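S.K.: using only what follows, build the 3D model:
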Amino acid sequence: MAHLRLPTELLLLIMKHVQKGEIWRDSRKSLLNAMLVNHEWAEASSHILWETPPISALACVSADRRQHYASKISELSSEDDKDVQYHTIYRDLSFPRLKSLYVQRLDLSEGDTLHLTQYMQPQLETFDLHGDSLSENDLTTLASNCPRLKDINLVEPISDAERNHMCNFFRSCKSLNVVSLGDSCAALGPELFASLAGHEGPQELYIGSVAADFAVREGLSMMSSPFLNIQMLTMTVESGALSPLASAVTSLHILDLTIKDSNHDALASLES
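M.R.: Alright, predicted model coming up:
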């Protein structure tokens, strides 16, 4: 009797049920055992095992096989200073299925470079960087290579010298739905505020750095339809910025403001 072969899609579905139906250690053991059945089962099992591996996993694979497994990864998380070495090791690999990248704050030694452009592939949807700076080349690559990028979180990447690069990035990256700039960033300038408030993509915008009165007023004067599609806005502002900001955010569903000073009456500015 001929050997019955299950369709690839059905095999993957079975392996996903195995992964979700047991605790992590047991599901991993079951998937490893499934790899011993035949070639088809091995491919399906490894596909599931390598979707969200520890970032160190690829380094344990022989160099000639790394690209094979890198092509299966859909999510990577880097949360330790020693992970810098792995980003360097993987700099010449391609990650065509990667959808989500999370990089925790890393303590780089002098002269070290954080290599991230290898992860900036067309399937990438979430880019979450805590610490270090993105160079102009990084931002250009992220905008040009990642047409599906929806969610970007940059905790402290912006220096005064990098604002123009960041403005160009937001003008180029049209697919964003959620933008978060952390409170360790440099103070927000008018041009960067304008590029964020005038972006037609984001529905959620979080700005942790202080938006000064002049930055808000000048930024709003640079555009005709600010906050066009933004439904949720979280900002830290000077009280003098409340009145022009309130008149510009009439279509928001949620407005969450932290007010830096008490020079102006916040409730009176927002009442209308």
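S.K.: would you map the strands across the stretch 101-250 of the chain?
M.R.: Taking DSSP state E, counting those that start in this stretch as the test, the strands found in the stretch 101-250 of the chain are 126-129, 151-154, 178-181, 204-211, 232-237.
S.K.: show me what the second one packs onto, helices and strands only.
M.R.: Contact analysis of strand 151-154 by 3 or more C-beta pairs under 8 Å, 6 or more residues apart in numbering; DSSP states H and E lists strand 126-129, strand 178-181 as its packing neighbours. For every residue, glycine as well, the C-beta is placed using N, CA and C.
S.K.: quick one: mean pLDDT for it?
M.R.: Averaging pLDDT along strand 151-154 gives 92.
S.K.: then stretch 217-235?
M.R.: 90.
S.K.: any idea how far residue 262 is from the nearest residue to residue 222 once chain neighbours are set aside?
M.R.: Nearest non-adjacent residue to residue 222, counting by C-beta to C-beta, 6 or more residues apart in numbering: residue 194, 4.1 Å away. Here residue 194 is placed at a distance of 27 Å from residue 262 (C-beta to C-beta, to the nearest Å).
S.K.: quick one, which of those two is more surrounded?
M.R.: residue 194 (21 against 8; other C-beta atoms under 10 Å).
S.K.: if we can go back for a sec, okay if I get the helices and strands packed on strand 151-154 as JSON lines plus mean neighbour count?
M.R.: Converted to JSON lines, the helices and strands packed on strand 151-154 look like this (neighbours: other C-beta atoms under 10 Å):
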{"stretch": "strand 126-129", "mean neighbour count": "20"}
{"stretch": "strand 178-181", "mean neighbour count": "20"}
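S.K.: go through these and name the closest to residue 147.
M.R.: strand 126-129 (13.0 Å; C-beta to C-beta).
S.K.: report all helices and strands that the closest one contacts.
M.R.: Looks like strand 126-129 contacts strand 100-103, strand 151-154 (3+ C-beta pairs under 8 Å, 6+ apart).
S.K.: nearest to residue 198, of the ones you listed?
M.R.: Here strand 151-154 is closest among the helices and strands packed on strand 126-129 (C-beta to C-beta), at 16.5 Å.
S.K.: from the chain's centroid, how far away is that closest one?
M.R.: Strand 151-154 sits 4 Å away from the centroid of its parent chain (C-alpha atoms, centre = their mean, to the nearest Å).
S.K.: enumerate every residue touching the residue lying closest to residue 212 once chain neighbours are set aside.
M.R.: Spatial nearest neighbour of residue 212, chain neighbours left out: residue 238 (5.3 Å); criterion: C-beta to C-beta, 6+ apart. Applying C-beta atoms under 8 Å, 6 or more residues apart in numbering, we find residue 238 in contact with 210-213, 216, 259-261, 263.
S.K.: likewise residue 124?
M.R.: Residues near residue 124 by C-beta under 8 Å, 6+ apart: 98-101, 145-146, 148-149.
S.K.: ok, the residue nearest to it when sequence neighbours are not counted - contacts?
M.R.: Spatially, and ignoring its direct neighbours in sequence, residue 124 is nearest to residue 146 (4.5 Å; C-beta to C-beta, 6+ apart). Contacts for residue 146 (C-beta under 8 Å, 6+ apart) come out as 120-122, 124, 127, 173, 175.
S.K.: many thanks, I have nothing further to ask.
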